[in-house]
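Enquirer: Whatever this is, show me its structure:
(2 chains)
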Amino acid sequence: MRERVVQFPEDGRLSGVISEGPASVGALFLNAGVVRRVGVHRLNVKLARALGDLGFPSLRFDLSGQGDSVRPARPLGPADQAIDDLREAADALCEAAALEGTIGVGMCSGADNAVRAALRNPRFKGLVLLDPYAYPTRRAAAADVFARVSDPARWARKSRALLGGQVEAPPNDSAQPVYDQGRPVPPREVFGADLRALADRGVKILIVYTGFVKRLVSHPDHFYSAFKDFDLAAAVDVEVFADTDHTFTQLIAQENLIALIAGWVNENFGAPGERV
Amino acid sequence: MIADPLYFGNPERLLYGVYHQPHCDAPNAPAVVLIAPFGEEAIRAHRPLRVLAERLAKAGAPVLRFDYYGAGDSGGMDEDVCIEGMVADAISAHHELVAMSVRRRVAWAGVGLGAAIALLAAKQCETSASQLVLWDPVLNGAAYCAALREGHIDWLAHALDRPRGEVAERVPEPEGLSEAFGVAISEKLRRELISLDLTNCSNWPSVPVFYMDDVASDGDSEDRYGGAASHVSYFKTGGDWKSNDAMNAHLVPLETLNAIVSAIAQPNVRALA
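Expert: Reported below is the predicted structural model:
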């Protein structure tokens, strides 16, 4: 698979790596936070090449001022600038590979940017969102309580503590606020309406939650329950990697994620050569 | 800023790099190859190295920063990274920079394991580097493997919210470490690391060496390398580039970067005492 550097738009301020392929839809990889475009643990590169092996082109690029991209002469606010950059990137990918559309792939704040950009840009035909916003439900809270009381390691710690032995608690045990997702979270109604609007437009969506939000979502039903008034069950595919950390640090978690996303993209956007 | 991203090197071993053209006419300034650390540290060091490249270019030095094969935007996968290959990549970057910049003097600045790569490459290719900058160098590979393992366990315990002891039980000892911080470690790389020992500076290349390490790191490095040899200068630095907090910040250790710019582009000015 051939990869080449691209700089766009006319002023060349945005920098990326593009790979071409026969499919009619390509993946657009976003920065996760301030991590350069290769992604946490180089996950975007690994994903791009896995999709490339299936014939899907891709572009991984850095937002203005991040990675190898530079800020525009007159930058917009961060959210608007990200939307503008993503519009330029979607244009660059679609024009370079003669594509009909793109699939935004974003983690954490990258997922937030992907949703915002897709709402304003019909080029987005699909979204893969890793740890997007999550919201509390009674079912998830009950599952969280059950998981805690049924954790044998927890009871072993309590027994050792009662017997006066040394106890090593998990670093975040009960200390991490349940709702802290490391970034401002919009009201549930806003995110639900955004997803609904995208689904109504025909955008295919895969959401993957990790153990980072395990107290909010530890089963796909918790997501559907949180958004039952938006009827997302048939519109959004949800997978939960409950034993995986936010950045998929363990290699086995990366392998599982790559297999999931590659399979989902292939299933929803056609095999190589089958221009949709 | 004038920066040109490019792929270079052997078609079977394509490397991604960014060439920073000098912003002013300073023919006495050397060209500079920036040599990144390993694995996740390279991702964390990206922004500091970009800012360093921009500052060196502003001082008149042409600069090339690059990703090793199997890392960053270069070809290859995690398992392709090994010390032998990293040394070859550094030398390849040197030749690319000489061709692009038409400078005869080239300084190499390496960070973390990249500093060890600079030392090894300079020994292998004596006429290449005119000056070395070693920033928080990894000189003892076995100790580095052990530190990678400890950091990996700490990170996973925090990220998975599990007791450290429970996580540690599942992570192999350094001699069998096959992954750290989300990056695979091949058997070849592990063997090379375990046998890596560059602590004796009398075996270093006889070019000017600027040794810089963090105030929080090994306390005796100043005693060991400060004035240990006439061609070695020691600088104590501050600033964080490799912590978990640094990964999520736009801040860079400016004091250290300024010291490197002074050491390379204005060698007659002592940057830090």
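
Enquirer: Show me what from the stretch 101-250 of chain B comes close to chain A.
Expert: B:152, B:155-166, B:179, B:181-184, B:247-250 (C-beta under 8 Å from any C-beta of the partner chain). Every residue, glycine included, has its C-beta placed from N, CA and C.

Enquirer: Over to whichever residue of the stretch 1-150 of chain A sits closest to chain B. Which of the three states is it?
Expert: Here the residue of the stretch 1-150 of chain A nearest chain B is A:His41; by C-beta to the nearest C-beta that distance is 2.8 Å. Assigned with DSSP: H, G, I helix; E, B strand; the rest coil, A:His41 falls in the helix class.

Enquirer: Setting the sequence-adjacent residues aside, check what's closest to it.
Expert: Beyond its immediate neighbours in the sequence, the residue positioned closest to A:His41 (C-beta to C-beta, 6 or more residues apart in numbering or on different chains) is B:Gly182, lying 2.8 Å away.

Enquirer: Contact partners for the one you found?
Expert: A:40-43, A:247-251, A:254, B:39-40 (C-beta atoms under 8 Å, 6 or more residues apart in numbering or on different chains).

Enquirer: circling back: was I right to think the residue of the stretch 1-150 of chain A closest to chain B contacts B:Ala184?
Expert: No - checked against C-beta atoms under 8 Å, the pair A:His41 and B:Ala184 is beyond contact range at 9.8 Å.

Enquirer: Give me the more crowded residue out of these two.
Expert: A:His41 (25 against 18; other C-beta atoms under 10 Å in any protein chain shown).

Enquirer: Look at that one and report its pLDDT.
Expert: A:His41 carries a pLDDT value of 95.

Enquirer: could you measure the closest residue to chain A within chain B against A:Lys46, distance?
Expert: Residue of chain B nearest chain A, by C-beta to the nearest C-beta: B:Gly182 (2.8 Å). Distance of B:Gly182 to A:Lys46, computed by C-beta to C-beta, to the nearest Å: 10 Å.

Enquirer: Overlap in contacts, those two.
Expert: Joint contacts of B:Gly182 and A:Lys46 (C-beta under 8 Å, 6+ apart) are A:Gln254.

Enquirer: want to throw the contacts of B:Gly182 into JSON lines with distance to A:Gly33?
Expert: Listed next are those as JSON lines, based on distance: C-beta to C-beta, whole Å:
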{"residue": "A:Val40", "distance to A:Gly33": "8"}
{"residue": "A:His41", "distance to A:Gly33": "13"}
{"residue": "A:Arg42", "distance to A:Gly33": "15"}
{"residue": "A:Leu43", "distance to A:Gly33": "13"}
{"residue": "A:Thr247", "distance to A:Gly33": "10"}
{"residue": "A:Phe248", "distance to A:Gly33": "14"}
{"residue": "A:Thr249", "distance to A:Gly33": "15"}
{"residue": "A:Gln250", "distance to A:Gly33": "20"}
{"residue": "A:Leu251", "distance to A:Gly33": "21"}
{"residue": "A:Gln254", "distance to A:Gly33": "18"}
{"residue": "B:Gly39", "distance to A:Gly33": "18"}
{"residue": "B:Glu40", "distance to A:Gly33": "14"}
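
Enquirer: which of those are buried?
Expert: Burial by neighbour count, judged by 16 or more other C-beta atoms under 10 Å in any protein chain shown, picks out A:40-43, A:247-251, A:254, B:39-40 from the contacts of B:Gly182.

Enquirer: Can you list the residue ranges for strands in the chain?
Expert: By default, I'm working from chain A. For chain A, the strands defined by DSSP state E occupy A:3-8, A:14-19, A:25-29, A:58-61, A:101-107, A:124-130, A:204-210, A:236-241.

Enquirer: um, chain B though
Expert: B:3-8, B:15-20, B:31-35, B:63-66, B:106-111, B:131-135, B:179-180, B:183-184, B:209-214, B:232-237.

Enquirer: of all those, which lies closest to B:Met86?
Expert: Evaluated over these, closeness to B:Met86 peaks at strand B:31-35, with 8.2 Å, by C-beta to C-beta.
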